[in-house]
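Colleague: Got a predicted structure here, sequence first:
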Amino acid sequence: MRQGFIFLLLALSLPLAATPDPMIRPQPYDFQRGKYLKICVPTCPLSNDGLQIQNIGNHQRFQDWNAADHMESYDMIHRIRSCWDQCGYAKAYLVYGRTSPSLRSETFHWEVVPYPDDGWNQLKQIGVIWNVSFGSSFLTEKERVVIASGMREQMQYLDEPYDIHLSQQKSDDPFCDPEVINKQCIHDGKEMLVLYNYAPVKVVEESPHFLIIPKNHRENFNELKSSEYNEAMKLAKKISDYFQENYPQSTLHLYHKTGEAAGQTVPHWHLHVVVVKEDAYLPSFEFPCVKSPTSCTRLDSPFRLVSQKVGQFCQSCQNFVYLMLPHRKLSEEDLAERVTYYQGEIEF
Ligand SMILES: [Zn+2]
């Protein structure tokens, strides 16, 4: 009888004793935990001073993120950039995310990378492109804790209010020019437009390259309204939905830059959505046989493993070279053809 009671007690306490998911459990490399998201040191950083915004709920894939998630991430990006600004570290930054809609196991996150205006920023841009092409190295929990402790001082302003300045209504940049908009516009939304880039990224073949911009002049993310950001994310999701349906192997690279030091060329905020139809980037991020037992079964011989690794390396080198080269401008006819095609294809 007594033994039975102890057994029952043990059985009841088991769910309580189970280790909670590390995503939910607060970690020493977390800086802020919101309702839906957290700010932490990245697992595979694009640069050693960047920060990651990831979902702590069950909205793991980009397609699962809803308006509340995006609103919290809007707030968190502002808090991070405001910290770097207040402590005098950097005013310029890149926000980068990557989604492969067909991957069910994807954990989407934004990475915010600061660009201090110290003369080394171009080298840093090359380093980030290198990491996007070849994949960043994986940090252990211990390494993430060490990096976090070095960042504590910078992050002390995280809970303080930040400013959003609204610009004048028009400027003389290309995205305030109705002629440019007319030529490139695919969708005219409430506060935002979707354009096709006149000089799309090319990796072997042309990658469909969209730009989501506010209709009103906002020089950079620091000036963008939350409603504009929310609409930008909705439109990015529509693009993602379209490519998932028609090109299930595609990977979408989403990024925006604030400040010249980060590589912002047009002083009017724009979210890049670059679609690589075949998952050219993905192999370099996956190390089979370490993580997934299913991919192990496919690698049936050491020769196959070596040839796959060599193939991945060559692919990464190719990606890197293409991304470093200046992107060629499309002819007027080619641009018009792309614009008409996607106007008819993507349902916004
Ligand atoms: Zn403008």
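Modeller: Cool, the structure landed. Numbers count the residues shown, from 1 in each chain.
Colleague: C-alpha from now on. contacts and neighbour counts both.
Modeller: OK.
Colleague: can you point me to the longest helix in this structure?
Modeller: Ordering each helix of the chain by length in residues (DSSP state H) puts helix 302-324 first.
Colleague: Please name the residues that touch the residue most central in space within the chain.
Modeller: Against the mean C-alpha coordinate of the chain, by C-alpha atoms, centre = their mean, the closest residue is Gly97 at 0.9 Å. The neighbours of Gly97, taking C-alpha atoms under 8 Å, 6 or more residues apart in numbering as the test, are 108-111, 253-255.
Colleague: Name the nearest of those relative to Leu323.
Modeller: Proximity of these to Leu323, judged by C-alpha to C-alpha, is greatest for His253, which lies at 12.6 Å.
Colleague: so that closest one sits in a strand?
Modeller: Yes: His253 sits within a strand when classified using DSSP: H, G, I helix; E, B strand; the rest coil.
Colleague: Would you mind checking which helix or strand in this structure has the lowest mean pLDDT?
Modeller: None of the helices or strands of the chain scores lower by mean pLDDT, DSSP states H and E than helix 293-298, at a mean of 43.
Colleague: just to revisit the earlier point, may I have the phi/psi pair for the residue nearest to the centre of the chain?
Modeller: Listed backbone geometry of Gly97 is phi -140, psi 150, with angles given as degrees, to the nearest 10.
Colleague: Ignoring the adjacent residues along the chain, who's closest to it?
Modeller: Trp110 (4.7 Å; C-alpha to C-alpha, 6 or more residues apart in numbering).
Colleague: tell me which element the one you found is part of?
Modeller: In this structure, Trp110 is located in strand 109-115 according to DSSP states H and E.
Colleague: helices or strands up against the helix or strand following that strand?
Modeller: Once strand 109-115 ends, the next helix or strand along the chain (criterion: DSSP H and E) is helix 121-134. Using 3 or more C-alpha pairs under 8 Å, 6 or more residues apart in numbering; DSSP states H and E, the elements in contact with helix 121-134 are helix 302-324.
Colleague: packing partners for the helix it packs on?
Modeller: Helices and strands touching helix 302-324, by 3+ C-alpha pairs under 8 Å, 6+ apart, are helix 121-134, strand 202-203.
Colleague: if you set the cut-off to 10 Å instead, what comes out?
Modeller: With contacts taken as 3 or more C-alpha pairs under 10 Å, 6 or more residues apart in numbering; DSSP states H and E, helix 302-324 sits against helix 121-134, strand 202-203, helix 293-298.
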